[in-house]
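# make a model of this:
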Amino acid sequence: MISTRIAHRSIAVLLTAVIALPVGAGSAWGADGPVPPAAGPGESELVPGVPPGPYQPWQIDTPDQALPPKVYAPSAEEDRVEPHNAAVGTYALVEYVPIGDAVAKVSCSKQTGPYQRGVERWLKLKVDGRQSGADCKAIRAFQKKQGIKPAIGFAGPVTWARMQLIGAKKNPNAARKCPVRSYRVACVDLDRQLTWVQKGKKVVFGPVPMRSGRGGHVTRGGWHKIYWKHKNHWSTLYNSPMPYAQFFDGGIAFHAVYGSIYTTVGSWGCVNLRLADARKLWGVLKKGDRVYVWGHRPGN
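Sure, this is the predicted structure:
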């Protein structure tokens, strides 16, 4: 049975499909911990600012496998088959915005986004959690530079996530949240929704953006271990593809999704990645490699 909340979100997204626009997470993190979201539209009230397109109906949400899979040794023939590519535009940076802004095609949003304080802090603006004309202008400039659509200055999850990725590029473990070991460690930062792999102090993969578990289905923290790799895994629980799946905690795995990873609702526990990132990670991690998870997904 589909929940009322999901049904309402689906209807909202369908409404945005009539917008003639071209097709192309939560609270911020401060010095003392998560900063509560600013007043304004909640994430559950936001919709993609441009139509998701006929090949991206899953952009609303993508279910993951919640139960441990049946483990077996894939044949060489099966492993030779590569998961199919994602449709063009699947991973476009489409911001989630208030439906009123999307329908009205505003050029500059007057609404306070759920990531307002974090975005203001990143752009070195006055951090007051309120949208102003100057805020909108600065946010729009960043969105245009990064190719985020629609660039209307709304401080949504895509804009915030892009800032987290840019800020982490040079040294994702600057805060030393991920333990440094002589062996490979896959680091899963729920606070910034980023993942990378390090060996010692050297980053050997990433950082890349990700989507972790929603409230009630959180990606569990602590130490884990890659115990099964299945390139063409299919979730029998949700009848959904999980390409390049690497399981490390029961039914929780790194895997690609054929849709946006920036949705305002998290996964069912898995660490969702873009296809190219999941494919590269597949070649980096081996069975037995360690995984370390910490933090909280913003908004959970």
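# listing partners with orientation, what would you give for the longest strand that the chain contains?
Counting by DSSP state E, the longest strand found in the chain is strand 240-249. Counting by DSSP bridges, the strands paired with strand 240-249 are strand 228-235 (antiparallel), strand 252-256 (antiparallel).
# what's next to that strand, contact-wise?
Contacting residues not belonging to strand 240-249 are listed as 62-65, 68-69, 83, 186, 219-220, 224-235, 253-256, 258, 270, 273, 275, 278-279, 281-282, 285, 291 [Cβ atoms under 8 Å, 6 or more residues apart in numbering]. For glycine as for every other residue, the C-beta is placed from the backbone atoms N, C-alpha and C.
# let me see the mean pLDDT of it.
On average, the pLDDT along strand 240-249 is 93.
# thought Trp268 was touching Ser212?
No. Using Cβ atoms under 8 Å as the test, Trp268 is too far from Ser212 to be in contact (10.3 Å).
# the stretch 1-150 of the chain: helices as residue ranges?
All helices of the stretch 1-150 of the chain, identified by DSSP state H, counting those that start in this stretch, fall at 4-16, 76-79, 99-104, 116-122, 133-146.
# using PDB, list the CA coordinates for the next helix-or-strand element following the longest one.
Scanning forward in sequence from helix 133-146 by DSSP states H and E, the next helix or strand is helix 157-168. Once non-C-alpha atoms are left out, helix 157-168 reads as follows in PDB (Å, rounded to 0.1, in the frame of the first residue of the first chain):
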ATOM      1  CA  PRO A 157      19.200  19.900  -1.100                       C
ATOM      2  CA  VAL A 158      21.000  19.800  -4.500                       C
ATOM      3  CA  THR A 159      22.700  23.100  -3.900                       C
ATOM      4  CA  TRP A 160      23.700  22.100  -0.400                       C
ATOM      5  CA  ALA A 161      25.000  18.700  -1.600                       C
ATOM      6  CA  ARG A 162      27.100  20.300  -4.300                       C
ATOM      7  CA  MET A 163      28.700  22.600  -1.800                       C
ATOM      8  CA  GLN A 164      29.500  19.700   0.500                       C
ATOM      9  CA  LEU A 165      31.200  17.900  -2.400                       C
ATOM     10  CA  ILE A 166      33.200  20.900  -3.500                       C
ATOM     11  CA  GLY A 167      34.300  21.600   0.100                       C
ATOM     12  CA  ALA A 168      35.500  18.000   0.500                       C
END
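# in helix 157-168, what's buried?
Neighbour counts using 16 or more other Cβ atoms under 10 Å place Pro157, Val158, Thr159, Trp160, Ala161, Arg162, Met163, Gln164, Leu165, Ala168 of helix 157-168 among the buried residues.
# where does this protein have low pLDDT?
Applying pLDDT under 70 to the chain flags the ranges 1-44, 52-66, 300.
# domains of it?
For the chain, automatic domain parsing gives the domain ranges 4-58+90-167, 64-82+172-294.
# stretch 286-296: end-to-end distance?
Start to finish, the residues bounding stretch 286-296 are 26 Å apart (Cα to Cα, to the nearest Å).
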